[in-house]
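Asker: Please find the sequence and the predicted model below.
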Amino acid sequence: MNRRALLDSGVLFTGVIGGIASGLFGIGGGVIMVPILGLLLGFSQHRAQGTSLVALIPPTGILAVLGYGKAGYVSWQTGLLLIPGVFLGGIAGGALAKRIPAAKMRRIFAALMFLLGGYQIYNAFRG
Amino acid sequence: MTIILVLALGVFAGVMVGLLGIGGGIVLVPAMVHVLHMDQHLAQGTSLFILLPPIGLGALRQYWRAGNVDLRAGILCAVGMILGAYIGGKIAVPMSTQWLKALFGGFLMFSAVLLWNKAQPVVVAALPREERGA
């Protein structure tokens, strides 16, 4: 196999892993794909992020949504109500990021996420 | 009242996404579970639905301008993702709520570590050319 084909199959595999995380956790998948592209396939951080954004443009989660929907696990109304806020909030957040120290904010948010994750595990097995 | 709460939650999640450069799902799922008291499965399914529209288009434009997009790799990733997301959904749907909640908790902690390490500004245009990658 030549180098190009090897890289392409690596990228395709990255997509599959990101997709599994997406369907399994209800997320976009960039969280998983960016580190794999960077660490395993040698993409620079910015190029990895830009490339993962391309992968998030098509509705790649459609089959997963249908699967969840069939089991009654999609609240269409809540989803529709959340979409405009997420969109407008995203623009506001992007503008805000230029004015405040985002790196510090990330650390604070990361710490909160870590605690919340631990709480979820504790909470799941408590009862 | 609930409608106002949901709308406000959407704005909050969006601000976090734009501000921190993180995915929407990682904010939306815990918010729906802990603020709206939705079931873990329902929150994840709803989050996947919210993520269907191309909300990253604006951000992509910025990266594109700076030459930080590998289009071929992005398309290949997308193809892989369609398949992967189908598999992920197939795994998650029949799981018990308890296990899914715990698994998501572990994933949240893992993502927190990634985010902590990544805590640096992402102003692409301000970087010198050679640091923007191949």
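Answerer: Perfect, thanks for sending it.
Asker: Pull out the buried positions in the lowest-mean-pLDDT helix or strand in chain B.
Answerer: Ranked by mean pLDDT, DSSP states H and E, the weakest helix or strand in chain B is helix B:57-65, scoring a mean of 86. Across helix B:57-65, burial judged by 16 or more other CB atoms under 10 Å in any protein chain shown covers B:Ala59, B:Leu60, B:Gln62, B:Tyr63. C-beta here means a position set from N, CA and C on the backbone, and glycine is covered the same way.
Asker: Show me where the chain dips below the pLDDT cut-off.
Answerer: Answering for chain A, as no chain was given. A:1, A:127 (pLDDT under 70).
Asker: was after chain B, sorry
Answerer: B:1, B:119-134.
Asker: Closest to the centroid, which residue in it?
Answerer: Closest residue to the average C-alpha location of chain B: B:Gly23 at 2.3 Å, with CA atoms, centre = their mean.
Asker: and chain A, which of the buried residues of helix B:57-65 reach it?
Answerer: By CB under 8 Å from any CB of the partner chain, the members of the buried residues of helix B:57-65 lying near chain A are B:Ala59, B:Leu60, B:Tyr63.
Asker: and B:Leu7, how far is that from A:Gly38?
Answerer: Noted for B:Leu7: a distance of 36 Å to A:Gly38, by CB to CB, to the nearest Å.
Asker: repeat for B:His41
Answerer: For B:His41, the distance to A:Gly38 - CB to CB - is 31 Å.
Asker: Looking at the two now, which is surrounded by more residues?
Answerer: The residue with more neighbours, out of B:His41 and A:Gly38, is B:His41; 22 against 19, by other CB atoms under 10 Å in any protein chain shown.
Asker: Okay, the more buried one and B:Arg72: tell me how far apart.
Answerer: 35 Å.
Asker: With B:Gly106 instead?
Answerer: 33 Å.
Asker: now A:Ala102
Answerer: A:Ala102 is 30 Å from B:Arg72, by CB to CB.
Asker: These two: which is more packed in?
Answerer: Of the pair A:Ala102 and B:Arg72, A:Ala102 is the one with more neighbours under other CB under 10 Å, namely 22 against 14.
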